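Q: Quick one, what's the 3D model for this:
(one chain, ligands or ions: 3)
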Amino acid sequence: MVKICCIGAGYVGGPTMAVIALKCPSIEVAVVDISVSRIAAWNSDQLPIYEPGLDGVVKQCRGKNLFFSTDVEKHVCEADIVFVSVNTPTKTRGLGAGKAADLTYWESAARMIADVSKSDKIVVEKSTVPVKTAEAIEKILTHNSKGIKFQILSNPEFLAEGTAIQDLFEPDRVLIGGRDTPEGQKAIQALKDVYAQWVPEDRILTTNLWSAELSKLAANAFLAQRISSVNAMSALCEATGANIQQVSYAVGKDSRIGPKFLNASVGFGGSCFQKDILNLVYICECNGLPDVAEYWKQVIKINDYQKSRFVNRVVASMFNTVANKKIAILGFAFKKDTGDTRETPAIDVCKGLLGDKARLSIYDPQVTEDQIQRDLTMNKFDWDHPIHLQPMSPSTVKQVRVSWDAYESTKDAHCLCILTEWDEFKTLDYQRIYDNMQKPAFVFDGRNIVDVDKLREIGFIVYSIGKPLDPWLKDMPAVA
Ligand code: UDX
Ligand code: UDX
Ligand code: ADP
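A: Numbers count the residues shown, from 1 in each chain. Ligands and ions are numbered 1, 2, ... in the order given. As a prediction, the model looks like this:
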């Protein structure tokens, strides 16, 4: 029986291994983590991450051929294939601070693998890492190997949160990079055999190590660039009276462009996009390509612009002051169908409004009060450390209340801001919400999910990203 061990039971490692276990009953899969509470949650009825369909998959395999454990060394020692899916935060100090990936956790995992291994192993890079990390890891492993042979593969994960299980069941492609030696090719084949149990062969692509590593950064950079492109257009739409949804639709009808991933928003978030682009920028700079670095930096600049533009719009519309006004925030997760708040645009928007002394009442169906408070007090880039190593939050933000109900959160509010596209926000009783709000009552839709005409009929002043402006908003100071 082939044994697989995955180091890191996070958003990537957990769902990916659960699906491998489900699709490959003859393989024993152990997912290990240094976080005791995270492993306890994986072994309970309350999984540590919210992901549609994940519960069912875990329940079918857990205790049969899927195990979650904190005994990292034992499972690594026994495994034939070791996936590494640990945190790769952005460095906050020293060389490359604010851009380069901090490989501390990766390096410590690699040293541990070398230390405890008693048989040959295939080591698979699963977390996104800078190009040529595999080479560095290979060096650590071979210089500490005590005669054991390691083959390194890069097998980046392309799943998106909220649709992880579906993405894993039917991936657009699986990418496996490895060495061009007979041993490297044999390792590639071994991993291919795992995926081939449910993924059609023509969707399993094999490349050299660096192409695989770079493809992941490139794919995320292209996706983020699409959103920054449509978001940049949304500003122009507001200025000219065009409608971004009509423009996106027309543009996406060109089969060379395609219709997906063209929704204007308050900005992209998530653990990957910004981090991977910063990484790409750093790699370009290190390789003497400042013009290429500059090009990709713009994607992040526009994303930051979009978030601050939203805050400015809210403040400007409400007579240039939100001091002591109650603002309802609907949605805090970085997208719908996840409780994940990593790099969510809601953090920057809320911080911006708090900077103008607003009082916030936040509601998200999946994010806890504790998480929201932690996010609003944490420093940039601090989120991406193993949970128990995250810095303590200095204190809670007093102007922030977290509510478990959209109606409660909007009661007596001056405005409501939709920051996540949760389906339930489309079907709220907006008449009831309007009746209980201060007047004039504003809606700022950062995800373009509300029916603007209907809300205007009720009496709301409505702002929806990239759509023709309400006369009220046109009369207010220009927003840059
Ligand atoms: C992304 C990639 O899609 C995935 O392939 C990779 O493995 C990890 O990074 P994820 O971050 O989970 O996945 O979610 P994604 O659906 O890509 O959304 C990222 C952000 O972009 C979200 O904040 C989302 O709201 C935003 N977005 C997405 C838009 O603003 N508009 C869109 O049209 C699509
Ligand atoms: C373009 C648009 O495609 C068309 O829809 C619009 O009506 C007019 O402008 P055109 O300029 O005729 O059409 O040719 P196109 O095929 O788009 O190529 C434009 C340039 O991009 C060419 O120099 C082409 O060589 C280059 N190109 C195109 C690339 O370098 N790489 C590609 O993958 C595609
Ligand atoms: P991702 O979204 O990439 O899956 P997460 O932060 O959700 O990232 O998961 C990474 C996991 O890796 C965390 O649960 C963390 O505790 C774990 N981890 C980090 N370093 C180690 C290590 N050296 N050994 C075992 N687990 C680790």
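
Q: could you dump stretch 263-272 to PDB, C-alpha only?
A: This file holds the C-alpha atoms of stretch 263-272, laid out as PDB (Å, rounded to 0.1, in the frame of the first residue of the first chain):
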ATOM      1  CA  ASN A 263     -16.800  40.700 -12.000                       C
ATOM      2  CA  ALA A 264     -15.900  44.200 -10.800                       C
ATOM      3  CA  SER A 265     -15.500  44.300  -7.000                       C
ATOM      4  CA  VAL A 266     -14.300  46.300  -4.000                       C
ATOM      5  CA  GLY A 267     -11.000  44.500  -4.600                       C
ATOM      6  CA  PHE A 268      -9.600  41.000  -4.700                       C
ATOM      7  CA  GLY A 269      -8.500  39.200  -1.500                       C
ATOM      8  CA  GLY A 270      -7.400  35.800  -0.400                       C
ATOM      9  CA  SER A 271      -4.200  34.300   0.700                       C
ATOM     10  CA  CYS A 272      -2.700  33.900  -2.800                       C
END
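
Q: what is the mean pLDDT for that stretch?
A: Averaging pLDDT along stretch 263-272 yields 97.

Q: Now that stretch: buried residues?
A: Within stretch 263-272, the residues scored as buried using 16 or more other C-beta atoms under 10 Å are 263-272. For glycine as for every other residue, the C-beta is placed from the backbone atoms N, C-alpha and C.

Q: near ligand 1, which residues of this structure show up?
A: By the rule C-beta under 6 Å from any ligand atom, the part of the chain lying against ligand 1 is 157-161, 220, 223, 227, 261-263, 265, 268-270, 272-273, 334-335.

Q: Could you give me the buried positions within the least confident helix or strand in the chain by mean pLDDT?
A: When the helices and strands of the chain are scored by mean pLDDT, DSSP states H and E, helix 471-475 comes last with a mean of 83. Taking 16+ other C-beta under 10 Å as the neighbour-count basis, helix 471-475 is seen to contain the buried residues L473.

Q: next one: stretch 55-72
A: Within stretch 55-72, the residues that qualify as buried are 57-58, 61, 65-70, 72, counting by 16+ other C-beta under 10 Å.

Q: ditto for stretch 243-261
A: Within stretch 243-261, the residues scored as buried using 16+ other C-beta under 10 Å are 243-245, 247-248, 251.

Q: where are the low-confidence patches of the stretch 301-450 of the chain?
A: Counting by pLDDT under 70, the stretch 301-450 of the chain has low-confidence residues at 393-394.

Q: what about the helices in it?
A: Along the stretch 301-450 of the chain, the segments classed as helices by DSSP state H, counting those that start in this stretch run 345-355, 369-377, 406-410, 430-435.

Q: Among the ones you listed, show me which one is buried the most.
A: When these are scored by mean count of other C-beta atoms under 10 Å, the highest mean neighbour count falls to helix 345-355 (a mean of 21).

Q: count of neighbours near the residue in the stretch 1-150 of the chain positioned nearest to ligand 3?
A: Distances between the stretch 1-150 of the chain and ligand 3 by C-beta to the nearest ligand atom are smallest at G10, namely 1.9 Å. Using other C-beta atoms under 10 Å, the number of residues around G10 comes to 23.
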